[in-house]
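J.: what shape does this take:
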Amino acid sequence: MNISYSPIQSPKDLQIETETVKSLKVVGETVGQLVLANKTCINAIKIDRIKAHILKSTDRVFKDKIIKDGIIRKEIFYVNPDNILRFLSEDVPFTLNVDIPGLSPGPFTHVQNHVLDIKIDHHLKPARQCFPGCLEQIIVAHIHFVAAEWCQLELVTSVR
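T.: Numbers count the residues shown, from 1 in each chain. Alright, predicted model coming up:
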């Protein structure tokens, strides 16, 4: 087996080429849990299903904190007293507060978040004769937050 060694060059003999790139550096991440209780008057004898999603939201960045305001849209499919399947849409406002140590607001701060899940537990007091029913719901959502800052890096692209 032949092993050959190349002589070590001094740093002044090296030609180094670099390139500046813009990148996001993660400051921190966390999962926030949102819990909302909600009551709706509804002319229903049975709930078929309830679907929910975040309709719109806004993130506000503070020192060590993110506050997310938004609206959850619920789509309620139910059976009325005449045994007809009906649909009701309802928008519920929410506010969620999460802590991310080391976060500071600024023009280079960037926040991403992704809904991991939204679950709804409900209890219906059915409609009786001319009295509407009451649908009590608890909405639980988990949202993953990632906070990052834009920065410039010098990368070595070639060494000769």
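J.: my guess is residue 12 is in a helix, correct?
T.: Yes - the assignment for residue 12 is a helix, going by DSSP: H, G, I helix; E, B strand; the rest coil.
J.: and the closest residue to residue 40 other than its chain neighbours, what element?
T.: Once flanking residues are discounted, residue 40 sits nearest to residue 135: 4.6 Å by C-beta to C-beta, 6 or more residues apart in numbering. In this view, the C-beta of every residue, glycine as well, is placed from N, C-alpha and C. Taking DSSP states H and E as the criterion, residue 135 maps to strand 133-159.
J.: returning to that earlier point: quick check, the residue nearest to residue 40 in contact with residue 42.
T.: Yes - with contact defined as C-beta atoms under 8 Å, residue 135 reaches residue 42; the gap is 4.9 Å.
J.: joint contacts of the two?
T.: Taking C-beta atoms under 8 Å, 6 or more residues apart in numbering as the criterion, residue 135 and residue 42 both touch 76, 78, 124.
J.: and for the second one, nearest residue in space, chain neighbours not counted?
T.: So that's residue 78. Distances taken as C-beta to C-beta, 6+ apart put residue 44 closest to residue 78, at 3.9 Å, once the chain neighbours are dropped.
J.: show me the contacts for the one you found.
T.: Residues in contact with residue 44, defined by C-beta under 8 Å, 6+ apart, are 78, 79, 80, 86, 124, 126, 127, 133, 135.
J.: hmm, try it at 10 Å
T.: Residue 44 sits next to 76-81, 86, 88, 124-127, 132-135 when contact means C-beta atoms under 10 Å, 6 or more residues apart in numbering.
J.: got any ranges where this structure has weak pLDDT?
T.: 1-11, 130 (pLDDT under 70).
J.: strands of this protein, residue ranges please.
T.: Secondary structure of the chain, counting by DSSP state E: strands at 16-42, 46-62, 65-79, 85-99, 109-125, 133-159.
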